[in-house]
Each structure stands twice: as C-alpha cells, then as structure tokens.
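J.: Take a look and give me a structure for this.
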Amino acid sequence: MLAAVVVLPAIAASAQEPQPQTQPPARIGNRWDGLSHQPTQRDVGAAEQELGIAPADQRERAINNDLDQIMQQLLSKEPNAPAAASGSR
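T.: This next block holds a predicted model:
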C-alpha cells in the first residue's frame, strides 16, 4: 500500500497534459493546402499507361463486367432506381 502511495504521484507527475494545438495541421488525410490530393482514375490510368503497367484490355473488360453485374444487383434492390444502360463505360 505504501508503494502505491509513493508510485502514483510519481506517475501522475511524469504524465504531461497534451498542449493545445495553436494552428491546424498542415495535412489531414489526402487534403492539404486546401486541395484534395486523392488521385483520380483518369490520373492513375494515364500514369499506368505511361509506365506501361496498365491492365490488359481483356482484364479491364472483365473488371468492368464485374462492376456492371454488381451495379445491376444493387439497382435491382432499389425499386425507384432508373434503368442502367449497358455498356455505359
């Protein structure tokens, strides 16, 4: 019990209160300087093609088909959803 009386004040004294932040952080996630720095699909696609690492056309079609199927499944659950045009990509 005596050890607790001696140790607890020492622990409390060593813990420091966090200082209030006077200025906003320079960066929050993908936003800084007031701009969003999340890359867009257009930016990524152009960079991949430039580097020669873009997915093959067959793979890209397969991905788009999967996404279209998912969209159709989601839209079929929504009674007021507009009909989706196939091949809209």
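
J.: average pLDDT for stretch 74-81?
T.: The average of the pLDDT scores along stretch 74-81 is 80.

J.: Any idea which helix or strand in this protein has the lowest mean pLDDT?
T.: Across the helices and strands of the chain, the lowest-confidence element by mean pLDDT, DSSP states H and E is helix 2-14, at a mean of 56.

J.: give me the low-pLDDT residue ranges for the chain?
T.: Applying pLDDT under 70 to the chain picks out residues 1-19, 21, 24-28, 81-89.

J.: can you give me the helices in it?
T.: Listed in chain order, the helices of the chain (DSSP state H) span 2-14, 41-51, 57-77.

J.: Would you format those as JSON lines with distance to residue 22 and mean neighbour count included?
T.: (Glycine included, C-beta is placed from N, CA and C.) Shown next, in JSON lines, are those (distance: least, CB to CB, whole Å; neighbours: other CB atoms under 10 Å):
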{"stretch": "helix 2-14", "distance to residue 22": "24", "mean neighbour count": "8"}
{"stretch": "helix 41-51", "distance to residue 22": "35", "mean neighbour count": "10"}
{"stretch": "helix 57-77", "distance to residue 22": "46", "mean neighbour count": "11"}
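
J.: Could you export the ones you listed to CSV, including columns for distance to residue 23?
T.: Listed next are these as CSV, based on distance: least, CB to CB, whole Å:
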stretch, distance to residue 23
helix 2-14, 27
helix 41-51, 30
helix 57-77, 42
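
J.: Out of these, which gets nearest to residue 20?
T.: Closest to residue 20 of the helices of the chain is helix 2-14 (CB to CB; 20.2 Å).

J.: who are the neighbours in contact with residue 31?
T.: If you count contacts by CB atoms under 8 Å, 6 or more residues apart in numbering, residue 31 has them with residue 37.
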